[in-house]
Structure formats: structure tokens, C-alpha cells
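In: can't give you the sequence, but here's the structure:
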């Protein structure tokens, strides 16, 4: 029993170290050696958990998804466009934790563009994210908050694009895109949709 | 004289190989070894041009900027919003060459997030790109194509965000974002601004 507990605790330590290396260096800086150094452990210990770089990257993707799914969310202050606003704010780098998360996912784009399996995972992640925006857009259409002839798929793709593009700008230029301005730009974009 | 010509020709070969490695593998896959292998040359020859990884990355950044600046552009069919439309289409992955360019720049985000010098270069690149969008937005305001109370900096940042976010979606999902749909989404976004 204690051995089992130790094993689980060690796995959590490894996952935490993987996350911290990701947050600091992105997928591009994720290596067995970096995770081992971060834990003060040997690379040999790490190969026990991850027989290959691929296995490490797969685990890192799971860890990043857990952090992303477990993050605090903005409460939607109403159905339709207010829900879309909250969903967009949910991906903005508004806090140090959210900056780390954005940094990890932007780095994943590079990793995914160079690997078919990871590219397929990123394509599913995008479908999932657009799937989270879609009910808000559909509600907005139903509630008459959007022009009646708006194509919901186009609005979803436009909003997803705007959101990620603002994330990247804010990551590189936090002085010009502090949290208050990010939120104002999201508000402005949502107002544009409903105009 | 011939030696000089040989030298210049070899430099061009090296730059071309750097571009081809970038286009295939992004900044994350750019190594002296990869460029040497691509040229069928020795890594030793490459260290003659690039004494360090850093020197290689700096040169690659210049090469990527040259390719980007030298690309074909969309003609603007009028001042203001039509100019903004053309500038956005200029960054969309609408052709195989533009896909390669987008792939390179998306990969550069990861490289830049892990390196202060490259992050500063990316910040300047963003300022430059927003600087290319700004005259179109200002003309649109002057021509009454945008609501008179629109903030030009906000419109520029929103358009830059939308553009890059659509680039990323299209890179990962070319089946759902073929050139025709990318162009339609750009048209829809520009119409939204002017509504």
C-alpha cells in the first residue's frame, strides 16, 4: 500500500514538473533532461515513466489539457453574446496562470505542425473550442442578438480567430495589451457582432 | 573574382536551404545538422557560415522576412476597408507558398517566447504589421466606412487578431478552411467592421 501511494505521489510530482517545464519553456523546450533537472532527478528515473520523447509529449499534452479544463472560468452574465464574451475571456492571458497556459498552447502549434499525430490532436482541440463557442452563437441568433442572416459557423470561426489572435498579440506585448485592454477588445468585438 | 562569385552563390544556396528547412520543419526543426543534410553538405561547412545556433536562427529570421516581404500581394480595390481586406488576404495561407510562410511564422512564436532577443523581434514584427493595417483603418474612418466613434488602434488590434487567428485555424484544418472560405471569412469580417 505505501509503495502504491509513493508511486502515485511520484507520478503527480512528475506531472507537475512536466507542467512547470512546459509553462517556462513551451513544448519546444520539453525534454526528458529538462524535466529531470527541474525535479533534481536523474534522466534515468524519467525514462521509467517515459520510454521515449513521444511518450513525454503525449503525457505533456494530457497535463496541459487537464490544467486548461481545470482553470477558473468567467461567469456568463446572460445567454447568447454575454456567454460568448465569457468564453472568449476564458482563453485570454489575463492572469499569470492564464499567461502560462497561453504560452504552452501557442508553443504546441509549432510542435503540432511538425507531427501528424499532434496535428490531429490540435485539429480536435480546435473543434472542441469552436464547439464551446457554438451554443452561445446559436443562442445569440435565437435571441435576436445577431443579424438573422448571420451564418453561425462563420461567426464561430471569426470569434475563435479573433480570440487566438488577440492571445498571441497580448503574449508578446503585455505592456500594450494589459488585462483591461484585452477585456475591452473582447467587449468591442462582441459588440461588433451584435451591432 | 570567380572566388567571390562562388562565395555569393554558396551563400544563396545556404539561405535557400535554410528557407526550405524552415518551410518543412519550422524554427523548432531548424538545426545546423538539418540544413547541412538538406544541402548534402557537412555540418562543418555550415559552421563556417553560422558559428552558433543563435547565428543560424538570426539568419533564418532575415530569410523569412525577405520571403515575406517579397511575396505577391493582393491589389486593394479601393481605399479604406478594401485596403484592409487586401492586407488581411496578404497573410492568409491561400497558396502553398503562403502556407509555408504561415507555418514558419507560427513556429517562430514558440521560438520567440523562449528567447528575449527573438521576442523583441516578434514584438517589432507585430508593430510593423499593425502599422501596415493602420493607414487602411484611418482611411476607412476618414471616408466614413467605419462608425465615427471607432477607435483606430482597437480596430487595428482586432483585425490583426482576427487575421492571425484565422491563419492558425486554416493551417490545422485546410479541409474546413479552403482558400475560398478563408476569403469569405475575411470579407465577412471586413463587412462586420463597416456595418
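Out: On my side now, so go ahead. Bear in mind the structure is a predicted one, so any value in this text is a computation, not a measurement. Residues are numbered from 1 along each chain as shown, chains lettered A, B, ... in the order given.

In: Contact partners for residue A:189?
Out: Contact analysis of residue A:189 by C-beta atoms under 8 Å, 6 or more residues apart in numbering or on different chains lists A:88, A:159, A:162, B:158. Yep, even glycine has a C-beta here, placed from its N, CA and C like the rest.

In: Quick one: the helices in chain A, in order.
Out: Along chain A, counting by DSSP state H, helices occupy A:2-25, A:32-39, A:43-49, A:53-69, A:81-89, A:96-113, A:116-142, A:152-172, A:179-194.

In: Tell me which of the ones you listed lies nearest to residue B:70.
Out: With C-beta to C-beta as the measure, helix A:96-113 is the member of the helices of chain A nearest residue B:70 (22.5 Å).

In: Does anything pack onto the closest one? Which helices or strands?
Out: helix A:2-25, helix A:53-69, helix A:116-142, helix A:152-172, helix B:96-113, helix B:152-172 (3 or more C-beta pairs under 8 Å, 6 or more residues apart in numbering or on different chains; DSSP states H and E).

In: want to throw the contacts of residue A:189 into JSON lines with neighbour count, pLDDT and distance to residue B:188?
Out: JSON lines is the format used below for the contacts of residue A:189 (neighbours: other C-beta atoms under 10 Å in any protein chain shown; pLDDT from 0 to 100; distance: C-beta to C-beta, whole Å):
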{"residue": "A:88", "neighbour count": "26", "pLDDT": "98", "distance to residue B:188": "18"}
{"residue": "A:159", "neighbour count": "26", "pLDDT": "98", "distance to residue B:188": "12"}
{"residue": "A:162", "neighbour count": "28", "pLDDT": "98", "distance to residue B:188": "12"}
{"residue": "B:158", "neighbour count": "25", "pLDDT": "98", "distance to residue B:188": "14"}
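
In: so can I have TSV of those residues showing distance to residue B:195?
Out: Formatted as TSV, the contacts of residue A:189 follow (distance: C-beta to C-beta, whole Å):
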residue	distance to residue B:195
A:88	19
A:159	16
A:162	15
B:158	14
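
In: Tell me the one of these nearest residue A:109?
Out: residue A:162 (16.7 Å).

In: quick one: contacts for the closest residue to residue A:143 other than its chain neighbours?
Out: Take residue A:143 and drop its neighbours on the chain: the residue closest to it by C-beta to C-beta, 6 or more residues apart in numbering or on different chains is residue A:80, 4.6 Å away. Applying C-beta under 8 Å, 6+ apart, we find residue A:80 in contact with A:136, A:139, A:140, A:141, A:142, A:143, A:145, A:146.

In: Just among those, which is most surrounded?
Out: residue A:136 (26 neighbours; other C-beta atoms under 10 Å in any protein chain shown).

In: Thanks again, I'm all set now.
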